[in-house]
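Enquirer: Sequence and predicted structure, then a few things I'm wondering about:
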Amino acid sequence: MESMLQFVHALLTVTVTFALAGLAPSPIEARTFTIVNDCKETVWPGITPGEALAGGGFALKPGQSRILTAPTGWSGRIWGRTGCSFDDTGNGSCQTGGCGSSLKCGGSGNTPATLAEFTLGARDFYDVSLVDGFNLPMVVTPVHGQGNCSSAGCDGDLRDTCPSELAVKAGSQTVGCRSACNVFGSEQYCCTGMHANSLTCQPTSYSKKFKEACPAAYSYAYDDPTSIFICVDADYIVTFCSKSFPVNMQSGGLRLFTYFRDPDFNRSKTPRYSMFLLIPLYCIHESPSTIRTTQHLYFVSRHLTTWVRKSHQNGNVMVPKYSHTQLHLDYLKNSNQNSI
C-alpha cells in the first residue's frame, strides 16, 4: 500500500508540474511585423521608436510588403503617411502623417493619422486608434498567438464620409479626417478638464460616426472596452487598405461583410445566413501542412475574399465544399503559382 501511495504521489507531482509548465508564460522574444500595402497608392509607413525597425520609415508601393523584427519588449506606434515626396537624401514632406521633413521618423507623425499602437511583453496589448484622426484604413492581425487574439482596426475608409468640418483637403480630394478634439479643442471632445475620466467623457456625435465605421478601433480617449486587445506571443500583420477584416486567424473566423446562402447550412441548426468566408478559411486553418507560413495563410485568405466577392450575385453566393487538397490546388491554379 505504501509503495502504491508513493507511486500515486509521484504521478500527481509530475502531472501538476507539467500542467503548471504549460500555464507559465513563454520567454519574451523578438516579434515579427509584416507591413502590407493593399492601397492603390504608395504608402510611407512611419514607426516610432523605429531605430531597429527599418530606421523608422520607408516606402511601400501598391501590393508590396516588408517584414521587420521588433526588439524584445518593444512599445511603439506604426502609421501610414500619404502623398509624400522625398529626394535621394530622404528629405521631403507628406500630405498626411508626416514626421517633420525626414523619410525615417524620429518622432510621432502629424495629425490626422490612423495609428497602430503596441506594447509587447509577456502579454501584448495592441490597438488601432482614430483619436488623432484618420488618414488610411488599417488592420492589425495577430498570428501564431495564444488566447483570444482578435484583429484591430477596420477596412472602411472614413475619408469618404468625413464631415466637412473635419476634412483635410488636397485640392478637391479629402486626404484625411481630423478628430473633433483637434478641430474644436474643447474639453468635451478632448476628454480633458472636467471630462478627464471615463464617466464624464462620453462618445460624441463625431466619435460615434468613427465607431460605426470602425467598431474595432479607438474612437475617443476612453473607448477601451471594445478597442484594446490582448494576445500572447504573437507576430503581427499590419495592413493598409485591407481587403478583408479577419477577426481571429487562430480559429478561422472572419468579420461579417456580406452573406451567403448555402444549402447545407439551411439543413443544419446553423443560421440560414452565415459569414461568407467561414468555410474556406476553416479549410485552410484545419490543414496547416498545405499552408507553410503565416504570410501564405494571409494571402490565401485575401485570394478567397476576392474570389467570393467576384462570385457574389444578388446576395446569393454558393460556396463549394473544398477538400484540403482541392483548396490548395485551386488556389495554385487560379493564382498561377507553382508552389506555396
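Expert: Nice, I can see it.
Enquirer: Tell me if I'm right that residue 34 and residue 65 touch.
Expert: Yes: in this structure residue 34 lies within contact range of residue 65 using C-beta atoms under 8 Å: 5.8 Å. The C-beta positions use only the backbone N, C-alpha and C, and glycine is treated the same way.
Enquirer: How about the secondary structure of the nearest residue in space to residue 153 that is not next to it in sequence?
Expert: The spatial neighbour of residue 153 that comes closest, neighbours along the chain excluded (C-beta to C-beta, 6 or more residues apart in numbering), is residue 128 at 3.5 Å. Secondary structure, DSSP: H, G, I helix; E, B strand; the rest coil: residue 128 is strand.
Enquirer: From residue 116, how far off is residue 128?
Expert: Distance, residue 128 to residue 116, using C-beta to C-beta, to the nearest Å: 5 Å.
Enquirer: Give the residues shared as contacts by those two.
Expert: Common contact partners of residue 128 and residue 116 (C-beta atoms under 8 Å, 6 or more residues apart in numbering): 138, 140, 152, 153.
Enquirer: Per-residue pLDDT of residue 269, please?
Expert: Residue 269 is assigned a predicted lDDT (pLDDT) of 32.
Enquirer: Show the contacting residues for the closest residue to residue 213 other than its chain neighbours.
Expert: Nearest residue to residue 213 in three dimensions, chain neighbours excluded: residue 156, at 4.4 Å (C-beta to C-beta, 6+ apart). Contacts for residue 156 (C-beta under 8 Å, 6+ apart) come out as 137, 213, 214.
Enquirer: again with residue 198
Expert: 222, 224.
Enquirer: Please read off the pLDDT at it from the model.
Expert: 90.
Enquirer: And the closest residue to residue 133 other than its chain neighbours, how far from residue 157?
Expert: Of all residues not flanking residue 133 in the chain, residue 112 sits nearest, at 2.4 Å (C-beta to C-beta, 6+ apart). Shown here: residue 112 relative to residue 157, a distance of 13 Å by C-beta to C-beta.
Enquirer: Between the two, which is the more surrounded one?
Expert: Comparing residue 112 with residue 157 by other C-beta atoms under 10 Å, the one with more neighbours is residue 112, at 26 against 18.
Enquirer: Before we go further, the more buried one is sitting in a helix, right?
Expert: No: read with three-state DSSP, residue 112 is coil and lies in no helix.
Enquirer: That one touches residue 131, doesn't it?
Expert: No: applying C-beta under 8 Å as the test, residue 112 and residue 131 come out as separate, 10.1 Å apart.
Enquirer: Please identify every residue contacting each of these two.
Expert: In contact with both residue 112 and residue 131: residue 179, using C-beta under 8 Å, 6+ apart.
Enquirer: Good, we can wrap up now.
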